[in-house]
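Visitor: With the input below, show me the fold.
(one chain, ligands or ions: 1)
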Amino acid sequence: MTIIPMNGYVPKYIPVEKREVRDSGSYAQIKIDAFTAYCAAAQHVFKTNREKGIAGCLVYFEPFSGPGMNEIRETKKRVKGTALLALEKLTYFDVFVFNELKLKVLNALYSELVDLGLDSDSSRRIYLSKQDANQTVSDLRTILPKKQVGVAFPVMGVAVVDPPGMNFKWSAVMELSHHRLDFVGMLSTSHDLTRNLDHVDGHAHLVDWLGENPTGTPTQVLARYEEKLRTVAKYEHVHGPTSSPLPGQQDIGVPRAYHLFLATKCKTEVASRIWRGVCRSVSKGTRGNALFDEGDFD
Ligand SMILES: C[S@@+](CC[C@H](N)C(=O)[O-])C[C@H]1O[C@@H](n2cnc3c(N)ncnc32)[C@H](O)[C@@H]1O
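Guide: Numbers count the residues shown, from 1 in each chain. So this is what the prediction gives:
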């Protein structure tokens, strides 16, 4: 058994017809395409890191995991979400940590994993946790190896953070930044930031999100978030949410309703090349078939 329930979660298998599916807007397709393109590069880069003795355990962490499947509202098409895509694409990764607040949503993800036969896949460990995403970041310290002889970093990999609004707190970003995980962030700003910035009751959680009082326009607040990822959380390279918006994000109704960004601890330019490849593939509509150039990962 490689599915390891955490934080008191008792998994329950739900038949497919009764299973939760995420009802998503068309922006979800952009997110999924971008993430698919990102996975193609991440798989290659992290595998190489392990082969060169730089990385020990390869880890994928998703604190707002969702049920696994999305239904795109406009087309009624069912597509795999980030959690299932990560399991499918990041085949060299050793440990996956999924967290979700809602029991029926986590049970849906668990059921997808069982249907895929991943409960008897002994090559990787899949942790399932049910609690607030902000708390689950600190669990990483207890699950992940602290040392591994002969490698530079005992843990490397990816954290995908896809909250429904601005509810991943700055304190959790700081905790996450202590791990050598690429931070792929997804922000649905129109549903929260734009609406609540000037709203007395709605404003309080934006203070927790930014780690300070947000001032100015939504774009200025996002620019401040990006600056803090660099200067306070000390990510070496930060692409977006404002400096490098993915093409297509403006084409979905509300201006810049959705922002994707990548923040990495990696000192080399490789992450920047990955992000450029992701942007190219989304703008060319290749549905996640990544467009990378020869030498992108050298
Ligand atoms: C945008 S969805 C994630 C979708 C997923 N990335 C995908 O591609 O399928 C966000 C999920 O976070 C869950 N959620 C909301 N607040 C949460 C919290 N505080 N902690 C953990 N999960 C939460 C929601 O129930 C929802 O399933």
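
Visitor: Quick check: end-to-end length of stretch 162-176?
Guide: With CA to CA, to the nearest Å as the measure, the ends of stretch 162-176 fall 14 Å from one another.

Visitor: please renumber so the chain begins at 53
Guide: New numbering, starting at 53: the last item is stretch 214-228.

Visitor: Does the ligand have contacts with that stretch?
Guide: Yes - for a cut-off given as CB under 6 Å from any ligand atom, stretch 214-228 has contacts with the ligand, namely Asp214, Pro215, Pro216, Asn219. For the C-beta atoms, the positions are set from N, CA and C on the backbone; glycine is no exception.

Visitor: you'd agree Gly292 is up against Thr316?
Guide: No - checked against CB atoms under 8 Å, the pair Gly292 and Thr316 is beyond contact range at 11.9 Å.

Visitor: Show me what from the stretch 153-302 of the chain comes close to the ligand.
Guide: Leu153, Lys154, Val157, Asp184, Ala185, Asp214, Pro215, Pro216, Asn219.

Visitor: Among these, which ones are in helices?
Guide: Among those, the members found in helices (DSSP state H) are Val157, Ala185.

Visitor: Dump the residues of the stretch 153-302 of the chain next to the ligand to CSV, plus pLDDT.
Guide: Listed next are these as CSV, based on pLDDT from 0 to 100:
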residue, pLDDT
Leu153, 97
Lys154, 97
Val157, 98
Asp184, 96
Ala185, 97
Asp214, 95
Pro215, 94
Pro216, 90
Asn219, 91
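
Visitor: which one of the residues of the stretch 153-302 of the chain next to the ligand sits closest to Ser172?
Guide: Val157 (23.1 Å; CB to CB).

Visitor: Setting aside sequence neighbours, what's the nearest residue to that closest one?
Guide: For Val157, ignoring the flanking residues on the chain, the nearest one in space by CB to CB, 6 or more residues apart in numbering is Pro119 at 4.6 Å.

Visitor: picking up where we left off before, mark which of the residues of stretch 214-228 next to the ligand are buried, thanks.
Guide: Burial by neighbour count, 16 or more other CB atoms under 10 Å: within the residues of stretch 214-228 next to the ligand this picks out Asp214, Pro215, Asn219.

Visitor: Phi first, then psi, for the second one.
Guide: For Pro215, the backbone dihedrals (degrees, to the nearest 10) come out as phi -80, psi 160.

Visitor: can you put the buried ones among the residues of stretch 214-228 next to the ligand in CSV and add distance to Met238?
Guide: Listed next are these as CSV, based on distance: CB to CB, whole Å:
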residue, distance to Met238
Asp214, 4
Pro215, 8
Asn219, 12
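
Visitor: give me the low-pLDDT residue ranges for the chain?
Guide: Low-confidence segments of the chain, defined by pLDDT under 70: 53, 242-243, 252, 297-309, 340, 346-347, 349-350.

Visitor: Provide a list of residues in contact with the closest residue to the ligand within the chain.
Guide: Closest approach between the chain and the ligand, counting by CB to the nearest ligand atom: Gly133, at 2.0 Å. Residues in contact with Gly133, defined by CB atoms under 8 Å, 6 or more residues apart in numbering, are Arg74, Ala80, Ile84, Ser117, Gly118, Pro119, Gly120, Met121, Asn122.

Visitor: Tell me, how many residues neighbour the third one?
Guide: Looking back up the chat, that one is Ile84. Other residues near Ile84 come to 20 when the count uses other CB atoms under 10 Å.

Visitor: Likewise for the first one?
Guide: Each residue near Arg74 was counted by other CB under 10 Å, and the total is 17.

Visitor: beta partners of it?
Guide: Asn122 (DSSP bridges).

Visitor: My understanding was that it contacts Phe116; is that so?
Guide: No - with contact defined as CB under 8 Å, Arg74 does not reach Phe116; the gap is 11.0 Å.

Visitor: and for the two, which residues touch both?
Guide: Overlap between the contact sets of Arg74 and Phe116, as judged by CB under 8 Å, 6+ apart, is nil.

Visitor: Centre of the chain to whichever helix or strand Cys91 is part of, how far?
Guide: With elements delineated by DSSP states H and E, Cys91 resides in helix 79-103, which encompasses its position. Centroid separation for helix 79-103 versus its chain: 11 Å, with CA atoms, centre = their mean, to the nearest Å.
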